[in-house]
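>>> Compute the structure for the input listed below.
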Amino acid sequence: MVVLDKEETAPTSLNMSSKKDLLSTAMKRTSEWIFSQEIPSDVTVQVGGVSFSLHKFPLVSKSGYIRKVVSESNDADLSVIEIPNVPGGADAFELIAKFCYGINFEISTENIVMLRCAAEYLEMTKDYAVGNLVGRTEAYLNEVVLNSLSGAVSVLHVSNPPANCRGG
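This is a model prediction of the structure:
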């Protein structure tokens, strides 16, 4: 059993202001974790005006899209990857980065559509890693969301699929 510190648990209902504060805190924690590993980042991923200092290996091991960008680059020391059209933008990419690094986060009815679309866009399929994000989001949709009418309606209510499945 895993016990979380009080600061790691999230309140059950959040207003928009506190959601942004939690996102800020989560981004800070992600950055702190990455830098605490004492391995300098070797790539900056730019998504929707936000820069993420990351490492290529965790990204290419999970994302076919990023793997192709890196392998097709004429620059042997590719240090910047621009992905302007990630569905869900920087919010979705932050969750993608956490997934690639093995950092736990919650898949919920609020983020499942953008996460599923971003995972598909970035080609995070079982072809690149067992238990990759496309499969996990698909399982969540099938086992949680579509298991009940209220779950399906809830996801439809909080999402705007045409906007969330397009880039940016």
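
>>> Please make it C-alpha for all contacts and neighbour counts, starting now.
Fine.

>>> can you give me how far stretch 110-121 is from the chain middle?
8 Å (Cα atoms, centre = their mean, to the nearest Å).

>>> For the residue of the chain positioned farthest from its centre, grab phi and psi.
Using Cα atoms, centre = their mean, the residue of the chain lying farthest from its centre is residue 74. It sits 27.0 Å away. Backbone torsions for residue 74, taken as degrees, to the nearest 10, come to phi -80, psi -10.

>>> quick one: the helices in the protein?
Secondary structure of the chain by DSSP state H: the helices cover 16-36, 56-60, 64-72, 89-101, 112-121, 133-140, 149-158, 161-164.

>>> May I have stretch 64-81 as CSV, with CA atoms only?
Extracted in CSV, the C-alpha atoms of stretch 64-81 (Å, rounded to 0.1, in the frame of the first residue of the first chain):
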residue,chain,number,x,y,z
GLY,A,64,6.9,7.0,-32.2
TYR,A,65,6.5,10.6,-33.3
ILE,A,66,9.4,11.9,-31.3
ARG,A,67,11.5,8.8,-32.2
LYS,A,68,11.0,9.7,-35.9
VAL,A,69,11.8,13.4,-35.3
VAL,A,70,15.0,12.5,-33.6
SER,A,71,16.0,9.8,-36.1
GLU,A,72,15.2,11.9,-39.2
SER,A,73,17.0,15.0,-37.9
ASN,A,74,20.1,16.1,-39.8
ASP,A,75,21.4,17.5,-36.6
ALA,A,76,23.3,14.7,-34.7
ASP,A,77,22.9,16.8,-31.5
LEU,A,78,19.3,17.7,-31.9
SER,A,79,18.6,19.8,-28.8
VAL,A,80,15.2,21.4,-29.6
ILE,A,81,12.0,19.6,-30.7
